[in-house]
Every structure is written in C-alpha cells, then in structure tokens.
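Engineer: from the sequence below, what's the structure:
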Amino acid sequence: MAEHILFGRSAEEIAASWLEQKGFEILHRNWRYRQYEIDIIARKEKFLHFVEVKARNASPVGNPEDNVGKKKFRSLKRAADEYLFRNPGHPWIEYNILSITFYRDREPEFFFMEDVFL
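Structural biologist: Below is the predicted model:
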C-alpha cells in the first residue's frame with residue numbers, strides 16, 4: 001500500500017483517539033457517499049460533527065489545514081447533506097477541521113477548527 005495512504009490512515013486513527021479524549025463519541029469513520037468522504041462523524045453533547053482530518057510532517061511551507069479549500073469543503077458538505085438525509089434528527093451540526101502536525105523530536109500538535117464554513 002502507498003506510503004501516503006498509510007500515513008493518512010494513521011493520522012485518522014490518532015485524530016479519532018484525540019477526539020475521544022476530548023469527549024467526542026465517534027459514530028463513523030471514512031463515511032462515503034459516491035465519490036465524497038467524511039473522515040470522521042462524531043457526536044458531542046447536542047452537536048453532530050463532520051470532521052475533516054488533515055495531517056503532515058512539520059514543514060516551513062505551511063500547515064495541514066491550508067489544504068482544505070472551497071472545493072474540499074463543498075465535497076464535505078455534499079457528503080454531510082446525504083448523511084443528514086439518511087439519518088434525520090440532527091438539528092445542530094458543525095463542520096470541523098482537525099489539523100495534525102507531526103514532529104521528529106516531540107509529540108504531534110493538534111489544531112481543532114470548529115464551526116468552519118468556507
């Protein structure tokens with residue numbers, strides 16, 4: 001399997017664990033609708049969260065969250081709309097980005113962007 005796919009899966013594992021530690025209940029991982037995918041669907045209190053996970057090794061070029069643009073967000077929203085159609089009854093939703101930066105000499109850094117709308 002390609003190295004970048006393994007890296008992405010590992011990052012999503014770490015992201016799910018981090019969210020659980022923060023009190024989120026993970027409902028789905030890699031939920032798919034057609035060509036669209038939601039990395040993590042979670043619940044915390046009265047909110048349903050659609051979480052896009054972005055990760056990269058530390059770099060002076062930019063941050064992982066910089067890779068979520070309007071096109072990616074539209075894809076996330078389309079998948080979320082289908083999820084809500086199939087699973088009604090969630091009046092409170094949020095779109096989130098969980099950015100993870102990995103370092104060689106220290107623990108990963110997490111940056112959680114809540115209630116994102118592009």
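
Engineer: please tell me how far the most centrally placed residue in the chain sits from residue 103.
Structural biologist: With the centre of the chain defined as its mean C-alpha position, the nearest residue by CA atoms, centre = their mean is residue 52, 2.3 Å away. Spatial separation of residue 52 from residue 103 under the definition CB to CB, to the nearest Å is 22 Å. To be clear about C-beta, it is placed using only N, CA and C from the backbone, and glycine gets the same treatment.

Engineer: so the residue sitting furthest away from the middle of the chain, which state does it fall into?
Structural biologist: For the chain, the largest distance from the centre (CA atoms, centre = their mean) belongs to residue 105, which lies 24.7 Å off. Using DSSP: H, G, I helix; E, B strand; the rest coil, the structure places residue 105 in coil.

Engineer: quick one: it and residue 56, what's the gap?
Structural biologist: Relative to residue 56, residue 105 is positioned 16 Å away (CB to CB).

Engineer: just to revisit the earlier point, quick one: which helix or strand includes the residue nearest to the centre of the chain?
Structural biologist: Here residue 52, judged by DSSP states H and E, is contained in strand 47-57.

Engineer: who are the neighbours of the next helix or strand after that strand, in terms of helices and strands?
Structural biologist: Beyond strand 47-57 on the C-terminal side, the first helix or strand identified by DSSP H and E is helix 70-86. When contacts are defined as 3 or more CB pairs under 8 Å, 6 or more residues apart in numbering; DSSP states H and E, helix 70-86 sits against strand 25-33, strand 36-44, strand 47-57, strand 93-102.

Engineer: for residue 85, which of those strands is the nearest?
Structural biologist: Across the helices and strands packed on helix 70-86, the minimum distance to residue 85, taken as CB to CB, is reached by strand 25-33, at 9.4 Å.

Engineer: relative to that closest one, what are the paired strands and their orientations?
Structural biologist: Taking DSSP bridges as the criterion, strand 25-33 sits next to strand 36-44 (antiparallel) in its sheet.

Engineer: quick one: the strand it pairs with to chain centroid distance?
Structural biologist: Going by CA atoms, centre = their mean, to the nearest Å, the spacing between the C-alpha centre of strand 36-44 and its chain's C-alpha centre is 6 Å.
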